[in-house]
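Asks: My questions are about this predicted structure, shown below with the sequence.
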Amino acid sequence: MDRQFYEYVKQIVIDILKSNGMFIGQWHVGTVDQVISPTRLKVFVDGSNTSQTIPCNPDVTFNVGDYVWVVYINGNPRDKFVLCKRAVE
C-alpha cells in the first residue's frame, strides 16, 4: 500500500508541474516587436502572435525585428529574460 500511495502522490506532483509548464526547456526563440527601454522589450516568443513585455540585457542594443534568445529563469515560463541576440541563417 505504501508504494501505491507513493505513485499516486508522484502523479499528482507531475501533473501540477506539467500544468505550470515546468517541464519546458529554458531557452526559447523570440523576435523583438518593440523596444520600450534599454531594459524592457516587447517580444513575440516561440512564434506567438501576441508580444510580451520582458526584461532584457541592458548591455545589448536591441532593435525591432531582432531575433533573440528568451530564457525562462529556472524553467519558469512566468519568469523570462531576453539575454542576447541570436544568429539566423
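Replies: Perfect, I can see it now.
Asks: where do the helices sit along the protein?
Replies: 2-19 (DSSP state H).
Asks: Lowest average confidence across helices and strands of it, where is it?
Replies: helix 2-19 (a mean of 81; mean pLDDT, DSSP states H and E).
Asks: mind checking how far that helix is from the chain centre?
Replies: 25 Å (Cα atoms, centre = their mean, to the nearest Å).
Asks: What separation is there between R86 and Q11?
Replies: 37 Å (Cβ to Cβ, to the nearest Å). Every C-beta, even on glycine, is put in place using the N, C-alpha and C of the backbone.
Asks: of the two, who's got more company?
Replies: R86 (14 against 10; other Cβ atoms under 10 Å).
Asks: Hmm, that one is touching V68, no?
Replies: Yes - at 6.1 Å, R86 counts as touching V68 under the criterion of Cβ atoms under 8 Å.
Asks: longest strand in this protein, by residue count?
Replies: Using DSSP state E to define each element, the chain has its longest strand at strand 27-37.
Asks: got a list of contacts for that one?
Replies: 41-47, 51, 53-54, 62-72, 82, 86 (Cβ atoms under 8 Å, 6 or more residues apart in numbering).
Asks: What distance do you get for the spatially most central residue of the chain to D59?
Replies: Nearest to the geometric centre of the chain sits Y72, at 3.6 Å (Cα atoms, centre = their mean). Per Cβ to Cβ, Y72 is found 20 Å from D59.
Asks: Check L83 too.
Replies: 10 Å.
Asks: Those two: which has the busier surroundings?
Replies: A direct count of neighbours by other Cβ under 10 Å for L83 and D59 places L83 higher, at 14 against 7.
Asks: and that one, what does it touch?
Replies: Per Cβ under 8 Å, 6+ apart, neighbours of L83: 56-57, 68-71.
Asks: So which of those sit within strands?
Replies: Checked against DSSP E, the contacts of L83 include these in strands: 68-71.
Asks: and which of those residues is nearest D2?
Replies: Checking the ones in strands among the contacts of L83 against D2 with Cβ to Cβ, the nearest one is V71 at 39.8 Å.
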